[in-house]
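**Q** next input, structure requested:
(one chain, ligands or ions: 1)
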Amino acid sequence: MIKGEAWLDTALMQEVASESQNQHVALADKKTALLLYDLASRENINNILEIGTGLGYATLTMAAAQKSKGSGRITSIELVCGRYHRACEYVYRAGFGDFVELLFGDAKKLIKELSGPWDLLFFDAAMGQYGFFADTLLPYLNPKGYLVADNINFYKPETGQTILRRHRTMEKRLKEFKASLLTKPGLKLAEYAFGEGLLVIEKKEEKND
Ligand SMILES: C[S@@+](CC[C@H](N)C(=O)[O-])C[C@H]1O[C@@H](n2cnc3c(N)ncnc32)[C@H](O)[C@@H]1O
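**A** Residues are numbered from 1 along each chain as shown. Got it, this is the predicted structure:
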């Protein structure tokens, strides 16, 4: 079994996953978690920012990769106090305190106070604000770094699903977010049908010519 899969199979991670499901806190899809594990294992991916900790499933996955390679730091932001506290407890139980800093509060405010630079940005909350998060944080993403945005296809018109009014704005903003990325130079985009859709954006290396 590869390292990432073995980590997701541990009793601790099974507990985080089942508590998240019982508490109706969406968690990263398994394929997304494995991709994050792979990215966090790379030598150049050290400083990670996650927006939307939930109970810590993705945080712990990326931290496991960093502990295994022996370097790195993850900052993760969560808006709901009870979830933040549960995630703190899981980080403590996993023994990942040296690799993880959990912040309680609204990412929209907190990201302005963080300095970066970042090697990996993982957006897993407030899809309507992805455009704002990207505009604020992309300038601080290092070359060869990644922005991974989850749930980008949460609305599936082909299923005949009725879109709730409050989701309509989110859907419109997500479209604008994707369109604006296409206009920015130096980014390479890939989309995956993991969970409710995953967008993976690589910032290309700067050329000095
Ligand atoms: C999909 S869950 C995150 C799942 C987590 N990444 C995982 O893999 O287990 C989204 C989380 O983002 C939080 N959230 C929503 N809006 C936020 C905001 N503006 N700032 C910080 N967290 C937010 C929610 O409370 C929720 O716990």
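**Q** report all helices and strands that the longest helix along the chain contacts.
**A** Counting residues, the longest helix found in the chain (DSSP state H) is helix 165-183. Other elements packing on helix 165-183 under the criterion 3 or more Cβ pairs under 8 Å, 6 or more residues apart in numbering; DSSP states H and E are helix 130-137, strand 187-192, strand 198-203. (C-beta placed from N, C-alpha, C; glycine too.)
**Q** quick check: the gap between the most centrally placed residue in the chain and residue 201.
**A** Among the residues of the chain, the smallest C-alpha distance to the mean C-alpha position (Cα atoms, centre = their mean) belongs to residue 122, namely 2.5 Å. Applying Cβ to Cβ, to the nearest Å, one obtains 11 Å for the distance of residue 122 from residue 201.
**Q** mind listing the shared neighbours of those two?
**A** With contacts taken as Cβ atoms under 8 Å, 6 or more residues apart in numbering, residue 122 and residue 201 have residue 148 as neighbours in common.
**Q** could you list the residues of the chain in contact with the ligand?
**A** Proximity of the chain to the ligand is assessed by Cβ under 6 Å from any ligand atom, with 20, 25-28, 51-55, 57-58, 77-80, 83, 106-108, 124-126 identified as the residues in range.
**Q** show me these that map onto strands.
**A** Mapping these onto strands (DSSP state E) picks out 51, 77-78.
**Q** where is the longest strand in the protein?
**A** From DSSP E, the single longest strand across the chain is strand 141-150.
**Q** may I see the buried residues of that one?
**A** Neighbour counts over strand 141-150 (16 or more other Cβ atoms under 10 Å) mark 141-142, 145-150 as buried.
**Q** who does that strand pair up with?
**A** For strand 141-150, the pairing partners within the sheet under DSSP bridges are strand 118-123 (parallel), strand 198-203 (antiparallel).
**Q** tell me the secondary structure for the residue lying closest to residue 151 once chain neighbours are set aside?
**A** Nearest-residue entry for residue 151: residue 196, 4.4 Å, with adjacent residues in sequence omitted and distances by Cβ to Cβ, 6 or more residues apart in numbering. Reducing the assignment at residue 196 to three states with DSSP: H, G, I helix; E, B strand; the rest coil gives coil.
**Q** I'd assumed residue 174 was in contact with residue 196.
**A** No. Between residue 196 and residue 174 there is no contact, the gap being 10.8 Å when judged by Cβ atoms under 8 Å.
**Q** which one of these two is surrounded by more residues?
**A** residue 174 (23 against 16; other Cβ atoms under 10 Å).
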